[in-house]
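1. no sequence on this one, just coordinates:
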Ligand code: CAA
């Protein structure tokens, strides 16, 4: 059965009954388990351990993975709907979920061996363990082909040495997918992706970042010193690591676009409510045209972002090439998140500048969506290359 969501969004997205149920379950979860302490977790930079455990129990940590490997077997649009609802309340929880789903589980299921899936994907998708994706380095952020971390071929194993930066779930994860250079001569074609377990000798979790936003997600530097990673832990053929990272990031960008959409929607809904309650010059501020114009622009931008994000998800579900639509969705939705949260603070006035009213956190959280999983400038580069093909 197809459900019309026009009452909520002003537009008919033809969501199925199952997709609507997922959206509602995510909304209920976020209100019950994330909302009560979200301000405190942000202020103290506390990882939402219990909530992440609950997300695993509810099937949110491996949403697109087949039930055979512990997942929920859902489509990308359902995943996007759930992420959006969670990001509306807590963008930190949303990125924890997004990295585990898009960057770790998806790649393992698509490119891993049956043995790798049994050993690693099953616990990751069912929420018993948590994953991290390790591409960025001190000298290789946007320029991801310049990997300095090395994985020397030693026959039965790779000898891993190097440092990874800004790793989401870095301190809390059990399993890391690490991109490392095996053959410098081959440049990006010499990069491998290795599954590295927390606890392998020589793997050290470094400093935790003190961030502007998404403060209750756990971002660390990770160090690898002479770590012996079995050959069986390489994903795909020798030299497939960079392609693996790029292919995985295409889907990751849909996840971050959904996170950005959720942040924008959350801030807009708070601003809308506040504008009906707050009175100035004898009437609700929603009756002033200055505020009405802001709300009108916010609602319009959110609607446009939602169309791009859902369209990217649909293209992925239909098996089409979605690199372009994912980059467009992330580029636009992250800008909308920044614009809308800034306006939500403005509408709240002085109240918007204090923690209690949530929107200042949302404005800080929004900024990272223009940076991670490819900066806005990298998205433009991807878009330009695709349209000029
Ligand atoms: N999809 C599939 N394949 C892609 C791709 C994409 N989006 N982008 C590049 N590739 C492929 C190319 O086709 C090429 O393959 P061939 O060798 O077979 O031709 C190969 O990758 C190398 O690509 P380029 O020649 O285009 O390499 P480049 O150096 O000129 O540009 C880049 C590459 C697109 C800029 C890439 O480095 C990039 O995407 N950078 C951004 C990295 C990024 O997003 N980092 C995010 C970190 S992860 C994170 O933030 C996670 C977190 O914790 C939240």
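-> Sure thing, it's come through. Remember, it's a predicted structure, so these values are computed and weren't measured experimentally.
2. Rounded mean pLDDT for the helix ranked longest in the chain, please.
-> Looking across the chain with DSSP state H, the single longest helix is helix 241-277. Taken as a whole, helix 241-277 carries a mean pLDDT of 98.
3. Is any residue of it near the ligand?
-> Yes: using CB under 6 Å from any ligand atom, helix 241-277 comes into contact with the ligand via 242-243, 246-247, 249-250. Yep, even glycine has a C-beta here, placed from its N, CA and C like the rest.
4. Any quick PyMOL command for the buried ones out of those residues?
-> Here is the PyMOL command that selects the buried residues among these (16 or more other CB atoms under 10 Å):
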select buried, resi 242+243+246+247+249+250
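5. Stretch 351-366 spans what distance, first to last residue?
-> 19 Å (CA to CA, to the nearest Å).
6. quick check, distance from that stretch to the centre of its chain.
-> 20 Å (CA atoms, centre = their mean, to the nearest Å).
7. cool, stretch 126-146 as well?
-> Mean C-alpha position of stretch 126-146 versus that of the full chain (CA atoms, centre = their mean) differs by 12 Å.
8. which of the residues in it are buried?
-> Neighbour count says stretch 126-146 has 126-127, 129-137, 140-141, 144 buried, by 16+ other CB under 10 Å.
9. Can you give me the end-to-end span of that stretch?
-> For stretch 126-146, the end-to-end distance is 34 Å (CA to CA).
10. That one near the ligand anywhere?
-> Yes: against the ligand, stretch 126-146 shows contacts by CB under 6 Å from any ligand atom at 133, 135-136, 142, 144-145.
11. Could you pull out the strands in the stretch 251-389 of the chain for me?
-> 279-280, 283-284 (DSSP state E, counting those that start in this stretch).
12. ok, the first one: who's next to it in the sheet?
-> Which is strand 279-280. strand 283-284 (antiparallel) (DSSP bridges).
13. quick one: buried residues of the longest helix of the chain?
-> Neighbour-count burial for helix 241-277 [16+ other CB under 10 Å]: 241-268, 270-272, 274-275.
14. Give me every residue in this protein lying close to the ligand.
-> 99, 103, 133, 135-136, 142, 144-145, 167-168, 188, 242-243, 246-247, 249-250, 323, 372-374, 378, 381-382.
15. which residue does the stretch 1-150 of the chain bring closest to the ligand?
-> residue 144 (3.5 Å; CB to the nearest ligand atom).
16. ok, that residue touching residue 135?
-> Yes: taking CB atoms under 8 Å as the definition, residue 144 is a contact partner of residue 135 at 5.8 Å.
17. what residues do these two have in common as contacts?
-> 179, 245 (CB atoms under 8 Å, 6 or more residues apart in numbering).
18. Distance check, the residue lying farthest from the centre of the chain against the ligand.
-> The C-alpha centroid of the chain is most remote from residue 282, which lies 43.2 Å away (CA atoms, centre = their mean). Separation of residue 282 from the ligand (CB to the nearest ligand atom, to the nearest Å) stands at 47 Å.
19. If I look at that residue, what pLDDT would I see?
-> 97.
20. for residue 13, same thing?
-> pLDDT, residue 13: 76.
21. That one should be in a helix, yeah?
-> No: looking at residue 13 with DSSP: H, G, I helix; E, B strand; the rest coil, it is coil, so not inside a helix.
22. mind listing the helices for the stretch 151-300 of the chain?
-> For the stretch 151-300 of the chain, helices defined by DSSP state H, counting those that start in this stretch occupy the ranges 241-277, 289-317.
23. mind listing what's buried in the shortest one?
-> What that stands for is helix 289-317. Buried residues in helix 289-317 (16+ other CB under 10 Å): 291, 294-295, 298-299, 301-302, 305-306, 308-317.
24. From the contact counts, what lies against that helix?
-> Packed against helix 289-317 by the contact rule (3 or more CB pairs under 8 Å, 6 or more residues apart in numbering; DSSP states H and E) you find helix 76-89, helix 241-277, helix 323-348.
25. Quick one: the ones you listed as CSV, columns for distance to residue 230 too.
-> Formatted as CSV, the helices and strands packed on helix 289-317 follow (distance: least, CB to CB, whole Å):
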stretch, distance to residue 230
helix 76-89, 31
helix 241-277, 16
helix 323-348, 32
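26. Select, out of those helices, the one closest to residue 25.
-> Among these, helix 76-89 comes nearest to residue 25, with 7.5 Å by CB to CB.
27. what's the next secondary structure element after that closest one?
-> helix 91-98 (DSSP states H and E).
28. Could you list the low-pLDDT ranges of the stretch 1-150 of the chain?
-> Along the stretch 1-150 of the chain, segments meeting pLDDT under 70 span 1-12.
29. ok, 50 please
-> In the predicted model of the stretch 1-150 of the chain, residues 1-7, 9-10 satisfy pLDDT under 50.
30. Please, where are all the strands along it?
-> Using DSSP E, counting those that start in this stretch, strands in the stretch 1-150 of the chain cover 2-3, 15-16, 131-134, 150-153.
31. The third one: partners in the sheet, and parallel or antiparallel?
-> Taking DSSP bridges as the criterion, strand 131-134 sits next to strand 175-181 (parallel) in its sheet.
32. mean confidence for the partner strand?
-> 98.
33. Could you number the chain from 833 rather than 1 from now on?
-> Yep, numbering from 833; the last one is strand 1007-1013 now.
34. Next, the angle helix 1073-1109 makes with that strand.
-> Put simply, strand 1007-1013 runs at 130 degrees to helix 1073-1109, going by axes from the mean of the first three to the mean of the last three CA atoms, to 10 degrees.
35. Could you give the separation of strand 1007-1013 from the chain centroid?
-> 18 Å.
36. Likewise for stretch 931-946?
-> Using CA atoms, centre = their mean, the offset of stretch 931-946 from its chain centre is 14 Å.
37. ok, residues contacting it?
-> Stretch 931-946 has contacts (CB under 8 Å, 6+ apart) with 892-898, 901, 903, 911, 948-949, 952-953, 956-957, 962-965, 1000-1001, 1007, 1009, 1025, 1027, 1064, 1067-1068, 1072, 1076, 1079-1081, 1083-1084, 1086-1087, 1205.
38. Thanks a lot, see you next time.
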